[in-house]
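Undergrad: for reference, the sequence and a predicted model appear below.
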Amino acid sequence: MVCCFYKHHTRNNMDLFSNSSVYNFSKDNVPALRVKAPATLDIETLDCFSNQLRNPEDTIEQLDWDRINPATGPVYIEGAEPGDALKVTVNRIDLNEKGTVCCLENEGVLGHLFKGSHIRVAPVKDGYVHYLDLKIPVKKMIGVIGVAPAGDPVSNGTPGPHGGNMDTLMITEGATIYFPIFAPGALFALGDCHAVMGDGEIGVSGLEIPAKINVTLEVVKGKAPKYPILEDKESFAIIVSKPTVDEAIAHATELMCEFLEQRLTSYTRPEIVMLMSLTGDVRISQVVDPEKTVRFVFPKKYAAGAEF
């Protein structure tokens, strides 16, 4: 599916609304917006159900499944070329006042333990998700974010080197993510925000919620990573998606070793491996998509002066 409208902007602050959504990442998608980097954008997003389940009486059976996992965009960044990195800084995430969580029979890790499909609509107020009789602290995050892949279109529900449905808790306010650019203009899009989600997303959804996201887009010439790299105040993380968790762990760990070798040049490879074993963390992002996503997280304090 291609975008709903096309605009050309030369100023650095602009809005992109959720009526411009795509359901796959593709180099053939028509840009909804053209910008010159650096560009700071306010982007409005639908929830992963395209806002179809917003009331307690709504049911999974009423869903139009062709409208699952919309991403607002794409944004064409002038001067972004294959081999460059797209630097995306998440400045702010403003959430709607309520979100939806669901579980479905035979879906997710535990779908074999119950019958039918179930949803709950939960208010989000004063920094808490009010689920049943519980108050769960809000942990804002972006589930789907990325750029056009090199080859065929990839459904928004499938993560990969281009990003996509990585469902990674660290993609939140204050994070910077570096994406490899595969197509001219990068064709950036994002959506699928959550008010809260646990690592793994074992029941197939977090608290799915519409949002407005403020991001800054920049181009880093000639520095495309192999997979998305995330940086925040505390850590570097390499986010990898593969058919199995074991494959994703192995690849993310190898890529982090390579990343550190290029920056901690006074250490030998065995010394870096031991340092990673002492201080790094393998964390599971999601286990319910066609490709499973993990991240290797390394504390910045043990990589003094290291930069992307």
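TA: Done, it's in. Numbers count the residues shown, from 1 in each chain.
Undergrad: dump the residue contacts of the nearest residue to residue 39 once chain neighbours are set aside.
TA: Take residue 39 and drop its neighbours on the chain: the residue closest to it by CB to CB, 6 or more residues apart in numbering is residue 217, 4.9 Å away. Every C-beta, even on glycine, is put in place using the N, C-alpha and C of the backbone. Residues near residue 217 by CB atoms under 8 Å, 6 or more residues apart in numbering: 35, 37, 38, 39, 40, 41, 75, 77, 86, 87, 88, 188.
Undergrad: the second one is in contact with residue 76, isn't it?
TA: Read that as residue 37. No: using CB atoms under 8 Å as the test, residue 37 is too far from residue 76 to be in contact (10.7 Å).
Undergrad: hmm, which of the contacts of residue 217 are the buried ones?
TA: A residue is treated as buried here by neighbour count (16 or more other CB atoms under 10 Å); on that basis the buried members of these are 35, 37, 39, 40, 41, 75, 77, 86, 87, 88, 188.
Undergrad: tell me how far whichever strand or helix holds residue 273 is from the chain's mean position?
TA: Secondary-structure assignment from DSSP states H and E places residue 273 in helix 269-279. The gap between where helix 269-279 is centred and where its chain is centred comes out at 28 Å by CA atoms, centre = their mean, to the nearest Å.
Undergrad: same question, stretch 113-130
TA: In terms of CA atoms, centre = their mean, the centre of stretch 113-130 is found 21 Å from the chain centre.
Undergrad: which of the helices or strands spans the closest residue in space to residue 112 that isn't next to it in sequence?
TA: Nearest in space to residue 112, with sequence neighbours left out and distances taken as CB to CB, 6+ apart, is residue 106 at 6.1 Å. Under the criterion DSSP H and E, no helix or strand holds residue 106.
Undergrad: pretty sure residue 259 is in a helix, no?
TA: Yes: assigned with DSSP: H, G, I helix; E, B strand; the rest coil, residue 259 falls within a helix.
Undergrad: just the pLDDT at it, thanks.
TA: Note for residue 259: predicted pLDDT of 98.
Undergrad: isn't it right up against residue 231?
TA: No: the pair residue 259 / residue 231 is not scored as a contact, 10.9 Å apart, by CB under 8 Å.
Undergrad: how about low-confidence regions in this protein?
TA: 1-14 (pLDDT under 70).
Undergrad: now the farthest one out in it, which residue is it?
TA: Of all residues in the chain, the one whose C-alpha sits farthest from the chain's mean C-alpha position, using CA atoms, centre = their mean, is residue 266 at 33.7 Å.
Undergrad: and it, how far is that from residue 296?
TA: Summarising the geometry, the distance separating residue 266 from residue 296, computed by CB to CB, to the nearest Å, is 21 Å.
Undergrad: all helices of the stretch 101-250 of the chain, in order?
TA: Along the stretch 101-250 of the chain, counting by DSSP state H, counting those that start in this stretch, helices occupy 245-261.
Undergrad: and the strands in it?
TA: Read by DSSP state E, counting those that start in this stretch, the stretch 101-250 of the chain holds these strands, from start to end of the chain: 117-125, 128-131, 134-137, 141-146, 154-155, 163-165, 176-180, 188-194, 211-220, 229-231, 235-242.
Undergrad: which one of those strands lies closest to residue 46?
TA: Within these, the stretch nearest residue 46 is strand 188-194; the backing value is 6.4 Å (CB to CB).
Undergrad: run through the neighbouring helices and strands of the closest one.
TA: Using 3 or more CB pairs under 8 Å, 6 or more residues apart in numbering; DSSP states H and E as the contact criterion, the neighbours of strand 188-194 among helices and strands are strand 39-45, strand 71-78, strand 85-95, strand 141-146, strand 211-220.
Undergrad: repeat that with 6 Å
TA: The contact analysis (3 or more CB pairs under 6 Å, 6 or more residues apart in numbering; DSSP states H and E) places strand 188-194 against strand 71-78, strand 141-146.
Undergrad: spatially nearest residue to residue 125, not counting backbone neighbours?
TA: Taking CB to CB, 6+ apart as the measure, residue 125 lies nearest to residue 97, with 7.0 Å between them; neighbours along the chain are not counted.
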